[in-house]
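**Q** fold the following.
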Amino acid sequence: MKKSVPIMILICLVFSIHCNRDNRDKSKDIDEIVLNPKDEVVNIEFTKEKRTLVTGIRYTRFFVYNEDVNDRMYIYVHGYDAEEEKKLVAKKYDSHLNFISEKAFPFGQGPGDVGEGTTFCQAGDHIYGPDNVTRRVNIFDKNLNFIKFVKILDPVISTIFTEGGDSFFAFHKKSVPEGFTYNFIHSTFPTLKKKVVNCSGTLWLWDKRKKMIIGLQPELSFFIKKERVYFLNASDYRLIMFDLNGNKLKQVRLNINKPIVPKEKKKEWLFEQLGKFGVDKCILVDKVQPASWAVPLEKGFAVIRRKDYSTNCQGMAEADYFDYQLNHIGKINIPCFYSIFGLRHSRMPQTYHYQDGYLYLIYEDEETEEFYLEKWKVEEKL
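**A** You can find the predicted model right below:
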């Protein structure tokens with residue numbers, strides 16, 4: 001108990017200092033609504049229609065490009081080249097998961113080069129590739145042909161652009177003596193003026209021995225749907241709705257208990273989450289985040305619920321179902337997808353995508369370590 005008190009004091013002090021420092025930029029705070037979970041089972045069915053093996057790529061993600069002219073949808077699966085780690089590979093598929101072509105991008109600073117932290121997303125007629133390593137945004141046409149790049153002042157992750165490509169939401173990474181803090185920001189072109197719309201405290205917190213404290217930091221994710229931005233702090237199970245200018249409209253918190261990692265399982269849990277790095281350089285507190293991802297569907301969205309501390313997920317996972325006014329409707333079962341309960345990768349909405357009644361996702365077979373692109377038909381029978 002004596003060891004935990006200084007850690008908790010440090011958490012509170014750091015959270016207060018850094019949130020207050022950015023408070024002048026935040027949107028106006030609103031009252032939080034506390035929701036009690038509902039046990040009703042919501043009638044939503046998922047039926048797998050097809051799966052395709054994705055080869056030659058590690059740390060796989062994808063994004064969808066919608067071509068308005070021909071009303072076609074293309075899926076670009078991208079990640080590190082499995083044999084040559086110094087380049088990124090993007091594979092193009094149609095909506096039926098048929099392979100079309102692939103393109104490689106070397107890591108570097110030249111025109112058309114990308115950084116190791118690059119993720120792609122579509123906005124309007126262009127594809128954007130923001131990268132927190134080179135601190136720039138590469139802009140491509142629909143076939144991933146390079147057009148130009150724009151420098152950004154601060155490193156950002158999990159970036160999503162608004163429809164016209166004139167602004168984006170992202171997590172802004174900031175180094176502080178106690179670790180790293182991630183603010184949720186809204187930034188507009190061409191000035192790239194940054195507005196902090198939510199401060200969640202220090203994401204990666206170190207103790208005095210420079211060990212990262214796992215279990216107290218917020219796990220964050222967000223998505224854009226129906227001209228609203230939905231933000232999830234998975235550690236506190238807090239949901240916030242913003243408009244496209246970053247103004248806070250509503251905030252709720254689901255009142256549930258956090259899963260606890262048994263003392264004898266702490267080292268094993270760290271290794272499963274973060275590998276040897278976690279065992280050697282991290283400290284794990286008893287509790288872990290109760291939620292994982294927020295997945296938008298048509299009539300509402302699902303938040304993946306942790307039943308326990310386990311990182312394994314086969315088949316279906318339990319999720320809470322909310323409407324787009326942040327009302328909790330009940331529970332559903334949703335297909336597992338890549339790193340659904342893992343901490344290894346940033347909370348990027350790029351391992352799943354819902355469109356026109358289908359959920360597309362990247363699934364990792366934990367036994368073979370192979371990646372699959374899957375297509376599921378979704379029926380929301382509300």
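
**Q** which residues touch residue 296?
**A** 223, 225, 230, 354 (CB atoms under 8 Å, 6 or more residues apart in numbering). The way it works is simple: take the backbone N, C-alpha and C, and place the C-beta from them, glycine included.

**Q** whoops, I mixed them up, residue 86
**A** Neighbouring residues of residue 86 by CB under 8 Å, 6+ apart: 106, 107.

**Q** point out where the stretch 201-350 of the chain drops to low pLDDT.
**A** Scanning the stretch 201-350 of the chain for pLDDT under 70 picks out 201-208, 210, 214-219, 277-278, 311, 342-349.

**Q** the same query, at a cut-off of 50, please.
**A** By pLDDT under 50, the low-scoring segments of the stretch 201-350 of the chain are 344-346.

**Q** which residue ranges form the helices in it?
**A** 266-281 (DSSP state H, counting those that start in this stretch).

**Q** tell me the phi and psi of residue 259?
**A** phi -60, psi 150 (degrees, to the nearest 10).

**Q** what is the neighbour count of it?
**A** The number of residues packed near residue 259 is 16, by other CB atoms under 10 Å.

**Q** I'd assumed residue 308 was in contact with it.
**A** Yes - assessed by CB atoms under 8 Å, residue 259 is found in contact with residue 308 at 5.1 Å.

**Q** do you know how far residue 257 is from residue 294?
**A** Counting by CB to CB, to the nearest Å, the gap from residue 257 to residue 294 is 20 Å.

**Q** neighbour count winner among the two?
**A** Under the criterion of other CB under 10 Å, the comparison of residue 257 against residue 294 puts residue 294 first, with 23 against 7.

**Q** which one is that one nearest to, not counting chain neighbours?
**A** Spatial nearest neighbour of residue 294, excluding adjacent residues (CB to CB, 6 or more residues apart in numbering): residue 232 at 4.4 Å.

**Q** what is the neighbour count of that neighbour?
**A** Count around residue 232 with other CB under 10 Å applied: 25.

**Q** next: residue 335.
**A** Neighbours around residue 335, by other CB under 10 Å: 20.

**Q** do I have it right that it meets residue 46?
**A** Yes - counting by CB under 8 Å, residue 335 touches residue 46, with 5.5 Å between them.

**Q** mutual contacts of these two, please.
**A** Residues touching both residue 335 and residue 46 (CB under 8 Å, 6+ apart) are 316, 359, 376.

**Q** can you list which of the residues you listed are found in strands?
**A** Applying DSSP state E to these, the entries found in strands are 316, 359, 376.

**Q** and the residues you listed, which of them are buried?
**A** The neighbour-count test (16 or more other CB atoms under 10 Å) applied to those identifies 359, 376 as buried.

**Q** make CSV from the ones in strands among the shared contacts of residue 335 and residue 46 and add distance to residue 130 to it.
**A** Formatted as CSV, these follow (distance: CB to CB, whole Å):
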residue, distance to residue 130
316, 33
359, 25
376, 28
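
**Q** ok, of the ones in strands among the shared contacts of residue 335 and residue 46, which one's closest to residue 197?
**A** residue 359 (27.8 Å; CB to CB).

**Q** who is the spatially closest residue to that closest one that is not a sequence neighbour paired with across the strands?
**A** Among residues not flanking residue 359 along the chain, residue 376 sits closest, at 4.5 Å (CB to CB, 6+ apart). For residue 376, the beta-bridge partners are residue 48, residue 359 (DSSP bridges).

**Q** if we can go back for a sec, in strands, which of the contacts of residue 296 fall?
**A** Those of the contacts of residue 296 lying in strands (DSSP E): 223, 225, 230, 354.

**Q** correct me, but the second one touches residue 323?
**A** No - because the distance of 11.3 Å does not satisfy CB under 8 Å, residue 225 is recorded as not touching residue 323.

**Q** those two: which is more packed in?
**A** Set residue 225 next to residue 323 and count neighbours by other CB under 10 Å: residue 225 wins out with 16 against 12.

**Q** next up, the contacts around that one.
**A** By CB under 8 Å, 6+ apart, the contact set of residue 225 is 296, 301, 324.

**Q** quick one: which of those sit in strands?
**A** Using DSSP E, the contacts of residue 225 in strands are 296, 301.

**Q** how about the contacts of residue 225 in a markdown table, adding distance to residue 242?
**A** Listed next are these as a markdown table, based on distance: CB to CB, whole Å:
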| residue | distance to residue 242 |
| --- | --- |
| 296 | 14 |
| 301 | 15 |
| 324 | 13 |
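
**Q** so which of the contacts of residue 225 is the closest to residue 166?
**A** The shortest approach to residue 166 among the contacts of residue 225 belongs to residue 296, at 21.9 Å (CB to CB).

**Q** tell me what that closest one is bridged to.
**A** Beta-bridge partners of residue 296, as defined by DSSP bridges: residue 301.

**Q** start to end distance for stretch 45-63?
**A** Stretch 45-63 has its terminal residues 24 Å apart, counting by CA to CA, to the nearest Å.

**Q** show the average pLDDT along it.
**A** The average pLDDT for stretch 45-63 rounds to 88.

**Q** likewise for stretch 365-373?
**A** So the average pLDDT for stretch 365-373 ends up being 83.

**Q** circling back: can the ones in strands among the contacts of residue 296 go into CSV with extra columns for distance to residue 140?
**A** As requested, the ones in strands among the contacts of residue 296 are arranged in CSV below (distance: CB to CB, whole Å):
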residue, distance to residue 140
223, 22
225, 24
230, 27
354, 24
